[in-house]
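>>> got a sequence here, can you build the structure:
(one chain, ligands or ions: 1)
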Amino acid sequence: MSELIDKCFSPAKINSLELRNRVIKAATFEGKTPDAVPTERLIDFHMGIAEGGTAMTTLAYCGAEADGRLAANMMYMGEYIRDPLTSMIQRIQSTGCKVSGQLAHCGGFSKNKELTKRRPKGPSFTLNMLGAPYGMFFAGGMNAADMEDFVSAYAEAATFMKSVGFDCIELHFGHGYGLSQFISPLTNRRKDEYGGSLTNRMRMPLRVLDAVRRAVGDDFPIIGKISLTDGVRGGINYDDAVEIASMLDKAGIDGIVTSGGTSSFNPMLMFRGDNMSKTMLEYEKNPMMRLVLRALGNSFFRNYPYEETYFLEQAKRVRDKVDTNVIYIGGVSTNESIEKVMGAGFDFIQLGRTLIADPSFVKNASADLNYKNPCTHCNQCVGLIDSPEGTHCVLPSAMPGTLKTG
Ligand SMILES: Cc1cc2nc3c(=O)[nH]c(=O)nc-3n(C[C@H](O)[C@H](O)[C@H](O)COP(=O)(O)O)c2cc1C
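Modelled structure (predicted):
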């Protein structure tokens with residue numbers, strides 16, 4: 001093994017948190033919480049990854065509040081879930097794996113029919129891209145009181161997450177969700193001090209980071225996932241991303257995950273590989289959404305052929321700018337890619353599909369320099385989020401331990 005691969009599979013720290021290596025399971029919404037509470041299926045999914053040697057797994061999409069969920073089958077961080085969540089986290093931790101929670105708010109991008117408000121709210125009045133086919137056509141713009149509530153929801157959720165035993169919080173600043181809606185000029189059309197320049201558009205994300213930091217204390221790890229670009233004209237671009245990362249760094253974040261694309265405008269930029277609309281269609285029950293997927297499937301899900309380490313060059317710009325940990329994400333499935341990423345100075349690596357196809361990636365790749373991951377980037381795992389079994393790998397070549405039936 002080269003020194004760089006050795007480095008990846010050796011212990012490291014994020015803030016006060018000791019990790020057994022530098023491999024973190026990326027948030028990949030599991031779709032295994034039909035009643036918005038953890039199920040055995042969800043626990044099994046994370047246990048597989050934990051037992052496979054990953055240093056920290058991420059529980060995807062932990063809603064900052066009930067209305068912060070994209071859909072009603074997502075968990076939100078509240079007392080109703082304290083016991084099952086605590087017990088799940090403890091089981092995962094018993095393997096030596098740490099647990100991060102991706103703390104997110106959907107803002108104005110929601111198909112959640114259990115909404116307590118009249119409509120979801122983002123920074124500005126916009127079309128609700130996700131909700132429209134479900135009859136939830138618009139997102140409202142937040143007023144000052146909504147913004148206070150929004151920040152408080154994050155702070156309360158963070159306090160709760162620390163109290164149930166999460167080791168780390170990953171704030172979602174990307175992919176077109178609530179905080180990303182503030183950052184992007186496409187969705188933030190505010191005329192006050194929260195809109196306009198990038199400095200103004202970062203005001204809410206920085207307020208949230210500050211509130212979450214106050215809630216959990218200085219020695220608790222907080223990382224943030226950003227989009228390097230929205231991948232669409234008029235959105236944030238790679239130059240903006242360097243500034244965004246720099247502002248988060250100065251505000252004391254413990255790590256930046258360098259993703260890209262948005263679920264609302266350009267999802268394939270995030271994933272690369274095969275179009276997932278066909279699989280999504282199989283499990284989509286809503287007739288309007290089925291129509292949209294049929295009509296727009298091929299143009300909305302743009303064609304970006306998969307290549308290893310597809311965000312490396314742009315993520316390096318962030319790496320070179322900030323002092324905090326930079327966590328590379330996007331297309332790492334071989335030891336050769338690990339070498340490249342570590343060689344470029346990244347501190348940690350997040351893996352999504354590689355670990356869905358082989359939860360024992362760390363054990364297997366650290367034992368074999370020529371390790372080959374079975375993922376073909378067919379992206380059916382994404383389309384299967386809404387299947388009864390939730391996110392899983394469909395490939396016959398998926399490694400033992402993969403939960404083929406969810
Ligand atoms: C099935 C699936 C679900 C995903 N859900 C989320 C999510 O809930 N939150 C998020 O930030 N990213 C999500 N992603 C994106 C991944 O975190 C990651 O950015 C992307 O898969 C690229 O990394 P990879 O090449 O290692 O898979 C998801 C990806 C997959 C495959």
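>>> report pLDDT for whichever residue of the stretch 151-300 of the chain sits closest to the ligand.
The ligand sits closest to Ser259 of the stretch 151-300 of the chain, with a gap of 4.6 Å, by C-beta to the nearest ligand atom. C-betas here are computed from N, CA, C, even on glycine. Looking at Ser259, its pLDDT is 98.
>>> what does Thr402 give?
54.
>>> give the buried residues for the lengthiest helix in the chain.
Assignment by DSSP state H gives helix 144-164 as the longest helix of the chain. Across helix 144-164, burial judged by 16 or more other C-beta atoms under 10 Å covers 147, 150-151, 153-158, 160-162, 164.
>>> and for stretch 224-233?
Counting neighbours by 16+ other C-beta under 10 Å, one finds that the buried residues in stretch 224-233 are 224-232.
>>> briefly note if it comes near the ligand.
Yes. Looking at stretch 224-233 against the ligand by C-beta under 6 Å from any ligand atom, the contacts come from Lys225.
>>> got the phi/psi numbers for the closest residue to Gly131 other than its chain neighbours?
Distances taken as C-beta to C-beta, 6 or more residues apart in numbering place Lys111 nearest to Gly131, at 4.9 Å, with adjacent residues excluded. When read as degrees, to the nearest 10, the backbone of Lys111 gives phi -120, psi 20.
>>> if I pick Gly196, what's in contact with it?
Arg190 (C-beta atoms under 8 Å, 6 or more residues apart in numbering).
>>> in what helix or strand does it lie?
In the assignment (DSSP states H and E), Gly196 maps to no helix and no strand.
>>> show me the shaky parts of this structure.
1, 399-406 (pLDDT under 70).
>>> number of residues surrounding the residue of it found nearest the ligand?
The nearest approach of the chain to the ligand comes at Gly352, 2.8 Å away (C-beta to the nearest ligand atom). As a burial measure, Gly352 scores 24 neighbours (other C-beta atoms under 10 Å).
>>> just the one 4 residues further on next, same as before
The criterion is other C-beta under 10 Å. On that basis, Ile356 has 27 neighbouring residues.
>>> same deal with Arg22?
With other C-beta under 10 Å as criterion, Arg22 counts 26.
>>> before we move on, what about Ser197?
10.
>>> so the residue of the chain closest to the ligand sits against Gly331, correct?
No. Gly352 is beyond contact range of Gly331, at 9.4 Å (criterion: C-beta atoms under 8 Å).
>>> contacts only, for the closest residue in space to Phe301 that isn't next to it in sequence.
Nearest residue to Phe301, sequence neighbours excluded (C-beta to C-beta, 6+ apart): Asn275, at 4.5 Å. In this structure, Asn275 makes contact with 268, 297-298, 301, 303, 379, judged by C-beta under 8 Å, 6+ apart.
>>> let's go with 7 Å and repeat that
297-298, 301 (C-beta atoms under 7 Å, 6 or more residues apart in numbering).
>>> so which of the residues you listed sit within helices?
Per DSSP H, the subset of these in helices is 297-298.
>>> what strand or helix carries Gly107?
Using DSSP H and E, no helix or strand contains Gly107.
>>> and Phe45, by the same measure?
For Phe45, the element it lies in under DSSP H and E is helix 40-51.
>>> quick one: the helix or strand just after that helix to helix 40-51, angle?
Remark: after helix 40-51, the chain's next helix or strand is strand 56-63, criterion DSSP H and E. Taking axes from the mean of the first three to the mean of the last three C-alpha atoms, to 10 degrees, one finds that strand 56-63 is oriented at 150 degrees with respect to helix 40-51.
>>> from Ser87, how far off is Gly52?
Distance of Gly52 to Ser87, given as C-beta to C-beta, to the nearest Å: 21 Å.
>>> how about Gly122?
Taking C-beta to C-beta, one finds Gly122 at 34 Å from Ser87.
>>> between those two, which one's more packed in?
A direct count of neighbours by other C-beta under 10 Å for Gly122 and Ser87 places Gly122 higher, at 27 against 13.
>>> so that one sits against Gly108, correct?
Yes. Counting by C-beta atoms under 7 Å, Gly122 touches Gly108, with 2.9 Å between them.
>>> which neighbours do these two share?
Here Gly122 and Gly108 share the contacting residues 139, 181, scored by C-beta under 7 Å, 6+ apart.
>>> count of neighbours near Ile5?
Ile5 sits with 17 neighbouring residues when counted by other C-beta under 10 Å.
>>> which helix or strand contains Phe313?
For the record, residue 313 is Glu, not Phe. Short version, using DSSP H and E: Glu313 is in helix 312-321.
>>> tell me the buried residues in that helix?
Buried residues in helix 312-321 (16+ other C-beta under 10 Å): 312, 314-319.
>>> list the contacts of the closest residue to Met77 other than its chain neighbours.
Spatial nearest neighbour of Met77, chain neighbours left out: Ala157 (3.8 Å); criterion: C-beta to C-beta, 6+ apart. Counting by C-beta under 7 Å, 6+ apart, Ala157 touches 64-65, 77, 103.
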